[in-house]
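J.: Have a look at this prediction, sequence included:
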Amino acid sequence: MVNVLTTCKVKSSIKTHFEEQFPDIYFNWQESIDEARPHLSEADILITYGEDLSADDIVKAERLSWIMVISAGLDKMPFDQIEAQGIKVTNARGIHAIPMAEYVIAMILQVSRQAKTLMELEEDHKWDRSIKMTEITGGTMLIVGTGAIGQEVARLAKAFRMKTIGISQSGQLKDHFDECHPNESLHDYLPEADYVIGILPATVETHHYFDSEEFSAMNETAIFLNMGRGQTVNETAIVQSLKDGDFYHAVLDVFEEEPLDDQSLLWDLEQCTVTPHLSGISRHYQSRAFDIFETNLKSYLETGQLVENVIDPDRGY
């Protein structure tokens, strides 16, 4: 019998669905890695959020053939040991697309329509119609990272009649983009962008992808938003660039160290909006992740193959 072990709390409705649909599988529903550790040696499939596993845990899981990570981020996974044991990995890439794309539109609108200032005026009971607002319709959006999330951001941007430009490793044209270009073309398009959106994973190649040179190349009226990984932005450089007025405003949902230190200069910069890594949160999160798991589970049982969101351990995504 195939043994599926979890290291995270799973909704009751999801548990019931899988137990009914796959009666020949033993589902061992544990709610943390501490609870799951005594059962690792029995597991064929492991379901995790991906931040709780150590190399020692993988060594103990001697029967393990597949890890399903029900998140998109994989930067804390012990890939060396996983690869050494020939374990396959899939993730939930793409399930964040809807909430994260909505976050982008919400954040650039709140900056353009001066939402924070208006709320402050409301609290102070001040009637001030001199607040300068701008429109986002007809602007140019440069999206760095053209996967499922980037494509959904571009799709929503089209509702505001924006020009959408994508930057990625391959530069291959993707849905909802007017044009796409490889990474080395980034500086050709930064000056014309009204909105620069970072949706990059944390890899060796993307460390401090956005640094002083990139910020200084931006339009001085541009809004920069990062919701990929914090390691892709040099925080010292972005603080200085905001102080220097290299670009207009930064919206940051992810940081090099989380939680963001309460002494960080980013908190108090007027031209910076800080949110606590919540752009991808949705009440539909788990159900969407387990839809991907179910697709792969059916294929795994029938053919031994995984067909969706299979991860390359060398690249880490």
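T.: Cool, the structure landed. Owing to the predicted nature of the structure, the values given are computational and were not obtained by experimental measurement.
J.: Check the burial of Asp175 by counting its neighbours.
T.: 12 (other C-beta atoms under 10 Å). (Glycine included, C-beta is placed from N, CA and C.)
J.: residues contacting it?
T.: If you count contacts by C-beta atoms under 8 Å, 6 or more residues apart in numbering, Asp175 has them with 151, 154-155.
J.: Buried members of those residues into ChimeraX, please.
T.: Buried residues among these (16 or more other C-beta atoms under 10 Å), as a ChimeraX selection:
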select :151,154
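J.: Just the strands from the stretch 201-317 of the chain, written as ranges.
T.: For the stretch 201-317 of the chain, the strands defined by DSSP state E, counting those that start in this stretch occupy 223-226, 249-252, 272-274.
J.: same check, this time on the stretch 1-150 of the chain
T.: 3-6, 26-28, 45-48, 66-69, 88-91, 140-144.
J.: any chance of those in a markdown table, with mean pLDDT and mean neighbour count too?
T.: Below are these laid out as a markdown table (pLDDT from 0 to 100; neighbours: other C-beta atoms under 10 Å):
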| stretch | mean pLDDT | mean neighbour count |
| --- | --- | --- |
| strand 3-6 | 98 | 21 |
| strand 26-28 | 98 | 16 |
| strand 45-48 | 98 | 24 |
| strand 66-69 | 97 | 24 |
| strand 88-91 | 96 | 21 |
| strand 140-144 | 99 | 25 |
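J.: so which of the ones you listed gets nearest Thr236?
T.: strand 140-144 (19.9 Å; C-beta to C-beta).
J.: returning to that earlier point: columns distance to Val251 on top of the strands of the stretch 1-150 of the chain, output as TSV?
T.: Formatted as TSV, the strands of the stretch 1-150 of the chain follow (distance: least, C-beta to C-beta, whole Å):
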stretch	distance to Val251
strand 3-6	34
strand 26-28	40
strand 45-48	30
strand 66-69	26
strand 88-91	25
strand 140-144	13
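J.: I'd like to know which of those strands lies nearest to Glu102.
T.: strand 140-144 (14.6 Å).
J.: Strand partners (parallel or antiparallel) of the closest one?
T.: strand 163-168 (parallel), strand 195-198 (parallel) (DSSP bridges).
J.: re earlier: can you say which of the strands of the stretch 201-317 of the chain is packed in most?
T.: Highest mean neighbour count among the strands of the stretch 201-317 of the chain (mean count of other C-beta atoms under 10 Å): strand 223-226, with a mean of 26.
J.: now that one: how far from the chain's centre is it?
T.: In terms of C-alpha atoms, centre = their mean, to the nearest Å, the centre of strand 223-226 is set 14 Å apart from its chain centre.
J.: Counting by contacts, list what it packs against.
T.: Packing partners of strand 223-226 (3 or more C-beta pairs under 8 Å, 6 or more residues apart in numbering; DSSP states H and E): helix 97-112, strand 195-198, strand 249-252.
J.: Single out the most deeply packed of the ones you listed.
T.: Taking mean count of other C-beta under 10 Å, strand 195-198 is the most buried of the helices and strands packed on strand 223-226, at a mean of 28.
J.: which other residues reach that strand?
T.: 104, 108, 136, 139-145, 150, 153, 157, 162, 190, 209-210, 218, 222-228, 232-233, 247.
J.: same thing but 7 Å
T.: Under the contact criterion C-beta atoms under 7 Å, 6 or more residues apart in numbering, strand 195-198 has outside partners 104, 108, 139, 141-145, 153, 190, 210, 218, 222-228, 232-233.
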